[in-house]
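Student: Please work out how this folds:
(chains A and B)
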Protein chains: 2
Amino acid sequence: MALVVQKYGGSSLESADRIKRVAERIVATKKAGNDVVVVCSAMGDTTDELLDLAQQVNPVPPEREMDMLLTAGERISNALVAMAISAHGLEAWSFTGSQAGVVTTSVHGNARIIDVAPSRVTEALKQGYIALVAGFQGVSQDTKDITTLGRGGSDTTAVALAAALNADVCEICSDVDGVYTADPRIVPDARKLDTVPYEEMLELAASGSKILHLRSVEYARRYGVPIRVRSSYSDKPGTTVTGSIEEIPVEQALITGVAHDRSEAKITVTGVPDHAGAAARIFRTIADAEIDIDMVLQNVSNTAGRTDITFTLSKANGPKAVAELEKLKEELTFNSVLYDDQVGKVSLVGAGMRSHPGVTATFCEALAKVGVNIEIINTSEIRISVLIRDAQLDEAVRAIHDAFELGGDEEAVVYAGSGR
Amino acid sequence: MALVVQKYGGSSLESADRIKRVAERIVATKKAGNDVVVVCSAMGDTTDELLDLAQQVNPVPPEREMDMLLTAGERISNALVAMAISAHGLEAWSFTGSQAGVVTTSVHGNARIIDVAPSRVTEALKQGYIALVAGFQGVSQDTKDITTLGRGGSDTTAVALAAALNADVCEICSDVDGVYTADPRIVPDARKLDTVPYEEMLELAASGSKILHLRSVEYARRYGVPIRVRSSYSDKPGTTVTGSIEEIPVEQALITGVAHDRSEAKITVTGVPDHAGAAARIFRTIADAEIDIDMVLQNVSNTAGRTDITFTLSKANGPKAVAELEKLKEELTFNSVLYDDQVGKVSLVGAGMRSHPGVTATFCEALAKVGVNIEIINTSEIRISVLIRDAQLDEAVRAIHDAFELGGDEEAVVYAGSGR
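Tutor: Have a look, this model is predicted:
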């Protein structure tokens, strides 16, 4: 008998009918002889509706109250799923994050899990019940206030519970039925992967793959929790994220997949005096504004001893970053700050590139062949990423996917967000 | 500086705009120099929407999960009101029933308050914050599960908090701007009362007045908490429920008001053998089915030594009661069980009737004058109630209101439910 943690995304719970279908899946898992712990996101649009109400009463709502408001969404969905399970004659108990022992920091809206002490969940399982836990939420260690975990919160709740309960597997169930070699909406012959090592999944998530949030994968890797990405509606096995690339025999190591990202923008600071500390001053300014940057490019100086510094960041932070940099103009005497949000990032991920020379060459040749110009290139031991025009992004993804012969013949389902 | 507990009903919170208006009221109360604790019901139709969802996934939803589901409604409204208050630059913290220390029995759906330990609320007030508490909910002492208080729950939460905090007043704010001598929808010249003693308010509530739930008035009386019934939208003082009829000088004691009730039905068991224990057997059967009865009438026996027993009960329990009684037919050899839900109850309440003879006569004459036939009459020291045809109820209320000259000239607002 195994202990299975299942997480269901909001789109899988958007209506009473979908909730009933999810309940059937849970009941089947239980009747197959497993102990089952379920983590549900808020129903479909609930969160957006609550956010809209909050905006109407206060354009800048206090974060503590925002957490009190939003956490109601998961309570509702979990209670409804518990009811739907009961309709099958099985006992199900739902718990809030606080009741399930999810203890966090006090950073409202983006709390971090400090500890998970799921004694009530364990007790429910011992009594033969199915336990449901509201995802995305916890209680702060210091103030005992209700907190939320931020983006990817429900996935993180599920993985954290799986780790605390020493579960055999953590299933992330959504409209996505697995991890593909590329987004099937762009690459029709994208192939579903059976297994992906943690490191590669981390690179894919960091490169724009929406299937699993970086945080939950990092958590799973740290505690060695196998994650199974599967559909909420089919019984297909899906994709298992587990193991390290170190365990893959070098000879077998391959290219895993292509990821793309439309969420970034490019900022170029032109005519920066090429003296020690100028670049540092710029990046410190961005860091102090709590803005993460991704790719960085510094050209060689021109004859006038000036250089251009280019970097990418989330479009959401673009305007703020530009404003902060403009304040430096007099001090650093640079020429201008250029902002460009018409860019896209395409990445190739695979442990194989460590041992297979020429991957970068093949990568660049594939892009050249379809006339895609590379603006920035950035690599890790198992990843190559380039920044290009966003209008060419789909074409680039297809070209690279073909060049490394990643295609298969299995019919892919179209992606959807995997909820929060 | 006073400590004021304010409770706002669901209809006063049904939209973002109404929530903003309520927030303005709360801010004004705080800026007037008071410490303020607020209890909010769920927004307008939230509860009905959640009940509907529950029905869709499970026709007989487990009560534990029902409480988990419904309590989300008050969390949402309280958080939104807190946000709306913050928009005015004041600090407001919302708490769940559990966080506010509302400890209850484990009876899901109809829990009773065992203790209120509002240390977090006190702490918030000490720091100068406005404290909001989700009404209608608590946490069970034994299982630490989330519970709901049943009908009138939010009013009861407000009164219980006021008692625990030793508040100066508990304001029940809704669409109703006070307690009237009769329902203004039926009696246009109904007069608003400035003060009503607890005993009279209890009789009015028990006689069908929807303004305050019996439970919250009993709680307020036990702990001596003054309740002020007032409008959520106007600054009129409303009606204060406080004091005992014993404190009213007999000479001043008057008739307070007329209440009516359309929620009852009448059951008559005909041909009951007139021997000791027959009636007892009937009422024990009803009691064992956990059905409350209100008025009772037993006619004198006829020559055959048989009698009819008539009583009233909530329409909701009618079918169940009839079914239980039918089972007794053979044992008791009565003739039949007659069910009649076309009845209405009109009551006159006032401490004055203790010392003013002839009130009953005037009451009956008033009804006779408009051709209303009395089917059952039932009295307490300060109340007269009669059961009549429901079609004549409005006319009866007006006739009695006129006969005792209870009318005034103040413009009355139309009633609405005061939320749960």
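Student: can we go C-alpha only for contacts and neighbour counts from here?
Tutor: Will do.
Student: Alpha carbons only: can I get whatever helix or strand A:Leu367 lives in in CSV?
Tutor: Assigned by DSSP states H and E, A:Leu367 belongs to helix A:359-369. Taking C-alpha atoms only, helix A:359-369 is exported to CSV below (Å, rounded to 0.1, in the frame of the first residue of the first chain):
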residue,chain,number,x,y,z
VAL,A,359,25.4,21.0,-29.4
THR,A,360,25.8,24.8,-29.4
ALA,A,361,26.9,24.8,-33.0
THR,A,362,23.9,22.7,-34.1
PHE,A,363,21.6,25.0,-32.0
CYS,A,364,22.9,28.2,-33.7
GLU,A,365,22.9,26.7,-37.1
ALA,A,366,19.2,25.7,-36.7
LEU,A,367,18.3,29.3,-35.9
ALA,A,368,20.4,30.7,-38.7
LYS,A,369,18.7,28.4,-41.2
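Student: which parts of it are buried?
Tutor: A:359-360, A:363-367 (16 or more other Cα atoms under 10 Å in any protein chain shown).
Student: Could I get the contacting residues of the most centrally placed residue in chain A?
Tutor: Most central in chain A under Cα atoms, centre = their mean is A:His213, positioned 2.0 Å from the mean C-alpha point. With contact taken as Cα atoms under 8 Å, 6 or more residues apart in numbering or on different chains, A:His213 is in contact with A:151-152, A:155, A:205.
Student: Can I get the buried residues of helix A:359-369 in a markdown table including pLDDT and distance to chain B?
Tutor: Output for those, formatted as a markdown table (pLDDT from 0 to 100; distance: Cα to the nearest Cα, whole Å):
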| residue | pLDDT | distance to chain B |
| --- | --- | --- |
| A:Val359 | 90 | 53 |
| A:Thr360 | 90 | 53 |
| A:Phe363 | 94 | 51 |
| A:Cys364 | 93 | 52 |
| A:Glu365 | 94 | 55 |
| A:Ala366 | 95 | 52 |
| A:Leu367 | 96 | 51 |
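Student: okay if I get those residues as CSV plus distance to B:Gly238?
Tutor: As requested, these are arranged in CSV below (distance: Cα to Cα, whole Å):
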residue, distance to B:Gly238
A:Val359, 80
A:Thr360, 79
A:Phe363, 78
A:Cys364, 79
A:Glu365, 81
A:Ala366, 79
A:Leu367, 77
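Student: Quick check: the farthest pair among those residues?
Tutor: A:Val359 and A:Leu367 (12.6 Å; Cα to Cα).
Student: anything in contact with each of those two?
Tutor: Common neighbours of A:Val359 and A:Leu367, using Cα under 8 Å, 6+ apart, do not exist here.
Student: Spit out the contact partners of A:Val322.
Tutor: Applying Cα under 8 Å, 6+ apart, the residues near A:Val322 are A:267, A:337, A:339.
Student: for it, helix, strand, or coil?
Tutor: Secondary structure assignment for A:Val322 (DSSP: H, G, I helix; E, B strand; the rest coil): helix.
Student: Show the pLDDT at it.
Tutor: Note on A:Val322: pLDDT of 95.
Student: The one 10 residues further on too?
Tutor: Looking at A:Leu332, its pLDDT reads 90.
Student: Report the separation between it and chain B.
Tutor: Look at A:Leu332 and chain B: by Cα to the nearest Cα, to the nearest Å, they are 39 Å apart.
Student: Quick check: that residue touching A:Pro273?
Tutor: Yes: here A:Leu332 lies in contact with A:Pro273, judged by Cα atoms under 8 Å, at a distance of 7.2 Å.
Student: more crowded one of these two?
Tutor: A:Pro273 (19 against 16; other Cα atoms under 10 Å in any protein chain shown).
Student: and that one, what is it in contact with?
Tutor: A:305-307, A:332-334.
Student: Where does the prediction get shaky in the stretch 251-400 of chain A?
Tutor: Scanning the stretch 251-400 of chain A with the threshold set as pLDDT under 70 gives A:251-253.
Student: Now do the helices in it.
Tutor: A:278-288, A:318-326, A:329-332, A:359-369, A:393-403 (DSSP state H, counting those that start in this stretch).
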